[in-house]
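1. starting from these lines, generate the structure:
(chains A, B, C and D, ligands or ions: 10)
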Amino acid sequence: MVQDKKYAFYLGCIMPNRYPAIEKSTRYVMEKLGYELLDMERAACCPAPGVLRSFDKEDWMVAAARNICIAEKMDVDLITVCNGCFGTLQEVNLRLHEDEALREKVNEKLKLLGDYEFKATIEVKHVAALLSIDIGPTEIQEHLVRKLNATTAIHYGCHFLKPSHVRQIDSPEDPTILEDFVEALGIKSLNFKQKYTCCGAGGGIKAAYADTSMTILSEKMKHISEVNPDFILDVCPFCHLQFESGQDWLKKNHNINYDIPVFHLSQITAYCMGMDEKYMGLQYQNNGKKYELTPIEVQAND
Amino acid sequence: MTSNTKSESINDFLKEKKKYVDISEFDSHFFDDIERRSKILTCIQCGTCSASCESGRWTALKTRIIIRKLILGDLSVLKDPDIWLCTTCYNCYERCPRDVRPTDVIIELRNYASKLGNIHPVHRKVVDYLKATGHAVPINDKIKQMRKELDMEEIPPTLYKFKDEENSDLTRYAKELFNLVPPKGEKEENKDTNKDKEKKA
Amino acid sequence: MTNSSNANNIAEIDQKSKSKEKEEPRIGVFVCHCGHNIADTVDVEKTIEEIKGLDNVVEAQHYMFMCSKQGIEMVKNSIKEKGVNRTVVASCSVTQHGPTFAKAIEEEGLNKHLHFQANIREGCSWVTSKKKRPEATKKAIKLVSGAINRARKLEEVETKQIATTKAALVIGGGIAGLRATMDLANLGIPVYLVERESSIGGHMTQLYKTFPTNECPQCSISPLTNGVASHKNVTLMTYSTVKAVEGSLGNFEVKIQTKPRYVHDNCTSCGECSANCPVEVPSEWDSGMSMRKAIYKLYPQAIPSTYVRDKKVCIECQTCVNLCPVGAVDFSMKKKMTTIKVGSIVVATGYDEYDPSEIEPYHYGQEGYEDIITQLQFERMLNPVSLTGSNILRPSDGRVPKRVVMIQCVGSRNEQVGNEYCTGVCCMFGNKNAQMIKEINPKIDVIMCYIDMRTPGIYYEEFYKKSQEKGIKFIRGRPSEIEKDPITGELSVIVEDTLSLTPMEIKTDMIILSAAMVPPKGIGPLGSKLQILRMKEGFFKEFHIKMNPTKSSKDGIFLAGAIQGPKDITQSVAQAGSAAALAAAPLVRGYIEKEMIIPLIDHSNCSICGICVTACPFGALAINDEKLELNEVACKGCGLCQPVCPTAAIQLINTREDELYDEIVGITGGITNV
Amino acid sequence: MSKEKGKRDVLAFMCAECGQGAAVTAGVARLGYSTSIKIIRVKCSGLVGPIQIMDALKNGADSVAVIGCCFQACHFFNGNFLSMHRIKLMKKLFKEMGYSDQMINHYTARAAEGETAVGDFEDAIERLLVAEKEGGTFA
Ligand SMILES: Cc1cc2nc3c(=O)[nH]c(=O)nc-3n(C[C@H](O)[C@H](O)[C@H](O)COP(=O)(O)OP(=O)(O)OC[C@H]3O[C@@H](n4cnc5c(N)ncnc54)[C@H](O)[C@@H]3O)c2cc1C
Ligand SMILES: Cc1cc2nc3c(=O)[nH]c(=O)nc-3n(C[C@H](O)[C@H](O)[C@H](O)COP(=O)(O)OP(=O)(O)OC[C@H]3O[C@@H](n4cnc5c(N)ncnc54)[C@H](O)[C@@H]3O)c2cc1C
Ligand code: SF4
Ligand code: SF4
Ligand code: SF4
Ligand code: SF4
Ligand code: SF4
Ligand code: SF4
Ligand code: SF4
Ligand code: SF4
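-> Numbers count the residues shown, from 1 in each chain, chains lettered A, B, ... in the order given. Ligands and ions are numbered 1, 2, ... in the order given. Next up is the predicted model:
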């Protein structure tokens, strides 16, 4: 049995190395909710399900299994904050749980990387699923210090819900879990065109075919701007990066200034649970500098 | 080849012009294991995948066409840059009425293409980062500063932090994983690594 | 060497079960040369030598052509002269001359099942090279020894004549059920027609026009509905369902429950009650495209024309009771149960339209997507008495649409929803309704998104051509999603025109989904009451897809119309005629004949575990009053029940486990004499 | 302990419908096959139970093949399926008990195509050879 109320905190790449504020917020939220986050020493890239899986699926699987092994040794479930990491780790974990022959093969190669053996003992979780399903909109109310009077454009991203028969979290066509959750924080979720399409970052195209990636993002931004939200809300640092860098790109190359701030679900939740605004990292966002948070304080009910 | 007969030369000339595609040049067994995994042969060319594809709306990527070519055994798809335009968004995968799982097919194809050395230079760089730091997106000074300002550990406790240990995990990681086949130009090495791979398999 | 304890058990049972006629077996063995056919490869004389001395063998001979007159005489003589009571002929296959020798011994007064055929031609000489004569001979000896061992315990099997009840039941009053009813009734057979709804006619009466002639369906079906209702041989039981079925071919007993209509048959259909009833609800029959009252008739021409009160929505204001000029309304009516006896059953319970709300990207049935409807809803919209008065109007705001997009293959050809099959009818009704739009309002732009256009057969491709001529646009591609613009509220269909490799967003005012035909609700329980098998798609399974598509898995029960898989009206009617003919045959003849190749049950050993009951594919076994019972008529003698029984209590006659054991032993050469 | 070539006994239980039909067609077409094959005719492949299979093996048969109609074409609906599953299960048991699972096999055949039956026979013999090599036979 893995231990309760403790998680191995899987950082990945983009969150710690580009958006430390998301990491900070996640730690804050989890601690306030009474969870202990344990550091996963020597964890590496998940590795990314789009780009690195494309070169060698087997190595991709081995590298992912290595990360999971680190959490297995700690005897706790693993939690991630990124869709990409979740996509890789959850899928590999599931496949290695189900397929013994594959597990053997992977373990063979794992030996070359150090003292690692995949034992199939833990689960992989996404923080967004933990918040919106396990804790849920009702219970989170009890932990709120303030609500936020704001509107948002929610971006689920792809790998959080799809492939749905592997993830089994919510419908990929009409999901509602995040809408229900942010409503509990006082935030109104806006419906916009092509809401569930990809941000255009994944699959290695952001790196190699930036033009296409930016075109997809631009259409997305167009639809988002049509409903004029206060901010964009995502559950993945890579989408986060895409929305941020995409707006910069539009500004630089086409002189289009959307200036819509981007938040990860952890950041907003942490703020509503009382984290100091300065840790949200708004100050580092080109698009967020002008944004004023409009909190409504709530009575703490201990 | 200086001793070409006339008929040979005219054939060469006409072949370049290519009136018909000669289907016997295709290798319909090359993708047998893709077939095993995703049963592409049952695709009905309905276009649900290509209509679902956000990337395909802007580019020449048509999953449907890729699958069509695969069924015929047209290996040109391996050199086709289109297969690298998929964002792995899984829309097609979710909606295909025949359960073909086009996203998996594309990943599989990319694996094959990689084995032939068909990898974008930028992607090679990503792998270089990974091997040097354990991260596809490594940390930099600006972020270190940012982390300090946020009252966080300057360097997160990931592989990178332990890179200087003796016989470090990172060295082994870099040695064992993602050894890409070099680009076409470096033919000699290319062959060697291929052989290595074969031996391993 | 006691090899199988089980075999011993069985031997004991054997003793018990046939102690009545314990006659010593006297086996006559005859090996055929078949000219050179057998004798060139198998040493016939040697074979005879080897088996001659086996227990109970009182006659062993070989002959050039056993099937010749002389050969047959040899067999007959052995019975007459040597008292042979079991025969083994080692020659050709059982299909070729098995019956010849069976008939011969029958002529000598033996039961024909006491003959056993050993196949040493197709099974030995013809498949072995002449060079391998010794091996072939050895093999033949083994096969003949096995046959002798098997013959030793053969028992007589009787043939029974079973009288049939001259009456038939038809379940389902759609076009298929009506046709079958009419055909049976016209043959002079009394027919009970059981229909779940309050009136007959089924889906056909819901249609606006029927392809390929675009005729009025009401006009073509009403001679049948009226004809059935007034036929002297027909008992019409509407608002009724089958509750229990017992028996088998020739003699079924069926319990039928009839729901109360709360209106007696003396209703004159004047409509007074309905006109004044204060309760209005959407009409199910009109797929919600019109309203009906709490006391109502499905549609104006409905048969029977007696009104029905919907108890669930009625507020019991008594208006109808008071207004009815003939006092037909009666709230005290109760449901009633009728038991009928019939000889055969025709199942014609039709289909349901697939509910597309399962296909999430299409958003059918969701709030804000009212302008997405199904083809059946559209048929009802075109109905002259519908809410729109036969005009083509968007359900959301009643405006005339500028463009209508049809999506084909919704819920068909889709593994995700578990329906792999092509409905086969929707391409045609899609074309029909597209043409209807163009006929009613040629200004409306009609686009049909399809994967493949399936219009096979006479007049059908012509029908498709007619659509093309009317200017309907065809896009070859399956839409990936339907989207509603959150700001403008406009619907758009995302599709790739695969023929021109063009991804498209088609903005449209209205969308019609060509939903699949699926098995009707409640068909599972009906199937288990009838004890007939279903396909994985849920429809009732035909006996043989090519050779007997009309019979069900059970003798005496036949299938007609869309219940055996999606069909159009033409096909439904054709199958109904076939079902009626098959159902009538045993009733007209008056009896059925059956060889009793059935399992014998040793009740003292049966633990009533019921495993055999589930193994039997024909529903021939049942446990009643803590006793396993076999329906001899339903049993087809397949023996599937035999190997599953943990106590070997159920054994197929002449194929019992001890008999098989003997044959095995004979062949393997372990022991030849038991 | 394998027997001499050609002296093996492979008992083929064949259903009276497609199985038997295919065997007869093979004979009529004079398709040759090993004399090891000995056919026992049963009404349906689903009638052959573990007892018959074990009886055969215990009494000297080297291998057993149960041959029915093609799936979807069983004359008793699912007899062939039952049989296939039964044999799958028995194969598992055999393996667990340390015997080769190649001695018992389930096949289908088509009445009109004798080749299908002969193919089944040949496969059964091939598998028997494998079983003998593995050393997991009864003999
Ligand atoms: C939108 C649409 C348009 C179509 N247009 C055409 C067309 O133009 N031309 C054409 O040829 N075909 C058309 N068809 C097909 C046509 O509707 C069918 O072929 C035909 O109705 C099948 O008749 P049926 O008697 O088998 O079934 P049904 O018409 O479904 O009749 C079955 C009857 O059985 C009853 N029933 C069901 N279950 C039970 C039960 N358990 N107990 C008692 N009774 C029960 C039902 O109430 C019903 O009355 C169309 C189909 C659709 C969906
Ligand atoms: C290449 C091909 C492959 C097919 N494959 C399949 C398949 O796999 N599955 C399937 O379901 N269907 C298949 N079919 C269709 C199938 O052949 C027909 O559905 C079926 O044979 C029709 O049977 P029938 O009795 O109506 O006609 P026929 O088989 O044509 O029989 C008509 C008989 O009437 C005789 N006859 C004709 N005129 C006269 C006369 N004036 N007087 C007396 N006798 C006459 C003819 O000699 C013939 O014996 C196939 C058809 C073709 C062409
Ligand atoms: S960043 Fe985009 S592509 Fe990467 S995991 Fe998140 S949603 Fe998927
Ligand atoms: S959605 Fe599936 S069946 Fe349709 S074209 Fe794409 S891969 Fe083929
Ligand atoms: S997974 Fe790739 S191919 Fe499929 S829809 Fe998304 S981007 Fe297109
Ligand atoms: S119930 Fe009475 S009032 Fe109503 S239609 Fe019949 S006869 Fe008329
Ligand atoms: S009693 Fe019921 S059915 Fe009769 S008029 Fe009143 S509401 Fe209508
Ligand atoms: S008939 Fe046409 S619309 Fe219907 S399932 Fe078949 S192909 Fe699709
Ligand atoms: S022999 Fe077949 S039909 Fe008869 S009871 Fe047994 S399983 Fe049922
Ligand atoms: S399986 Fe055997 S013991 Fe069980 S009910 Fe049937 S006959 Fe009796």
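
2. closest residue of chain B to ligand 10?
-> B:D99 (39.1 Å; C-beta to the nearest ligand atom). For every residue, glycine as well, the C-beta is placed using N, CA and C.

3. run a quick neighbour tally on the closest residue to that residue other than its chain neighbours.
-> Leaving out its chain neighbours, the residue that sits closest to B:D99 by C-beta to C-beta, 6 or more residues apart in numbering or on different chains is C:E415, at 4.8 Å. By the measure other C-beta atoms under 10 Å in any protein chain shown, the count of residues near C:E415 is 13.

4. hmm, C:E415 is touching B:R101, no?
-> No - the pair C:E415 / B:R101 is not scored as a contact, 11.3 Å apart, by C-beta atoms under 8 Å.

5. C:N605 in helix, strand or coil?
-> coil (DSSP: H, G, I helix; E, B strand; the rest coil).

6. that one contacts C:A648, doesn't it?
-> Yes - look at C:N605 against C:A648 with C-beta under 8 Å: they come within range, at 7.0 Å.

7. who's more crowded, the two?
-> Per other C-beta under 10 Å, whichever of C:N605 and C:A648 has more neighbours is C:A648, with 21 against 17.

8. does that one touch C:S607 like I think?
-> No - with contact defined as C-beta under 8 Å, C:A648 does not reach C:S607; the gap is 11.1 Å.

9. can you pull the contacts of D:F138?
-> D:L57, D:K58, D:D62, D:Y99, D:M103 (C-beta atoms under 8 Å, 6 or more residues apart in numbering or on different chains).

10. and the first one, how close does it get to D:S63?
-> Meaning D:L57. 8 Å (C-beta to C-beta, to the nearest Å).

11. more neighbours: which of these two?
-> D:S63 (27 against 23).

12. what sits against that one?
-> D:8-11, D:57, D:102-105, D:124-125, D:127-128, D:131.

13. sort out for me which of these are in strands.
-> D:V10, D:L11, D:I104, D:N105 (DSSP state E).

14. pull the contacting residues for residue 41.
-> Picking chain A for this. A:E41 neighbours (C-beta under 8 Å, 6+ apart): A:I70, B:P157, B:T158, B:K161, B:F162.

15. I was thinking of chain D, sorry if that wasn't clear
-> C:V94, C:N119, D:M14, D:A16, D:Q20.

16. list just the nearest of these to ligand 3.
-> Closest to ligand 3 out of the contacts of D:R41 is D:M14 (56.8 Å), distances taken as C-beta to the nearest ligand atom.

17. wait, the closest one touches D:A23, no?
-> Yes - with contacts counted by C-beta under 8 Å, D:M14 reaches D:A23, the gap being 5.8 Å.

18. hang on, the earlier thing: show me which of the contacts of D:F138 neighbour ligand 9.
-> With C-beta under 6 Å from any ligand atom as the criterion, those include none near ligand 9.

19. Throw together a PyMOL command that grabs the buried residues out of these.
-> Selecting the buried subset of the contacts of D:F138 in PyMOL, with 16 or more other C-beta atoms under 10 Å in any protein chain shown as the burial test, is done by:
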select buried, chain D and resi 57+58+62+99+103
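
20. for ligand 3, state which of the contacts of D:F138 is nearest.
-> The closest of these, once distances to ligand 3 are taken by C-beta to the nearest ligand atom, is D:Y99, at 50.7 Å.

21. setting aside sequence neighbours, what's the nearest residue to that closest one?
-> Nearest to D:Y99 is D:G136, by C-beta to C-beta, 6+ apart, at 4.6 Å.

22. didn't that neighbour look like it was pressed against D:E96?
-> No - contact criterion C-beta under 8 Å: D:G136 and D:E96 do not qualify, at 11.6 Å.

23. tabulate the contacts of D:R41 (TSV), appending secondary structure.
-> Listed next are the contacts of D:R41 as TSV, based on three-state DSSP:
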residue	secondary structure
C:V94	helix
C:N119	strand
D:M14	strand
D:A16	coil
D:Q20	helix
